[in-house]
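Asks: Return atomic coordinates for the entry below.
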Amino acid sequence: MKDQEILEKMSRLCANYRGTIIHEIILLETGVDSCVSEFFSGSNSTRREDMYRLLIHKQSGVSFSSKMLMFTYIVKNYFQDFNKKNNDLIQSLTSLIVIRNMAAHRKMKIPEKPSDFDGETINLHWVTTKKGLPKEEGVKMNPKLINDVIAERNRLYTILSELLELIQKENLEISKK
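Replies: Numbering: from 1, shown residues only. Model prediction:
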């Protein structure tokens, strides 16, 4: 295979991996959005005060990192038993978001010799500064990573669905009072 054909294959595979990761994580982002919006949709005045406190400094729109802060606050302060049962939820969501951000924003590293491409591993890379010196960092995207991301997304989405049901149940109970 010619170098140009290898590079084209790498580019298509990279786009496929990136798209898959972003697509899978969107489902988690909408799950977090649903939990936060459902939590604040009830008639509880304390929750309205919390919403005001959490949103007061935002001029327009709410970033996903801000939603994650709200989500974390809600889970840790209002659903402590759920948080204990699912104590890795916040960290696991954060880890997948990091992978999503790397897939979305990091550059594909082209091997010195395109013939070194193994047909399935795409390396993303970037340069950071450690102790004042530039250091190259990277992540390997391959079918195992994609399968791991999908499996973890499935697990976390199930947990988010359980939390959403708890929030809805609690909102219903609050509205009956």
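Asks: Return the helix or strand in the protein with minimum mean pLDDT.
Replies: Within the chain, judged by mean pLDDT, DSSP states H and E, the helix or strand with the poorest mean is helix 45-55; its value is a mean of 61.
Asks: How far away from the center of its chain is stretch 147-161?
Replies: Average the C-alpha atoms of stretch 147-161, do the same for its chain, and the two points are 11 Å apart (Cα atoms, centre = their mean, to the nearest Å).
Asks: Enumerate the positions of that stretch that are buried.
Replies: 149, 152-153, 156, 159-160 (16 or more other Cβ atoms under 10 Å). Glycine gets a C-beta too; all of them are placed from N, C-alpha and C.
Asks: Run through the neighbouring helices and strands of the very next helix or strand once past the least confident helix or strand of the chain.
Replies: Toward the C-terminal end, the helix or strand that comes next after helix 45-55 (DSSP states H and E) is helix 64-78. Helices and strands touching helix 64-78, by 3 or more Cβ pairs under 8 Å, 6 or more residues apart in numbering; DSSP states H and E, are helix 3-40, helix 45-55, helix 80-85, helix 89-105.
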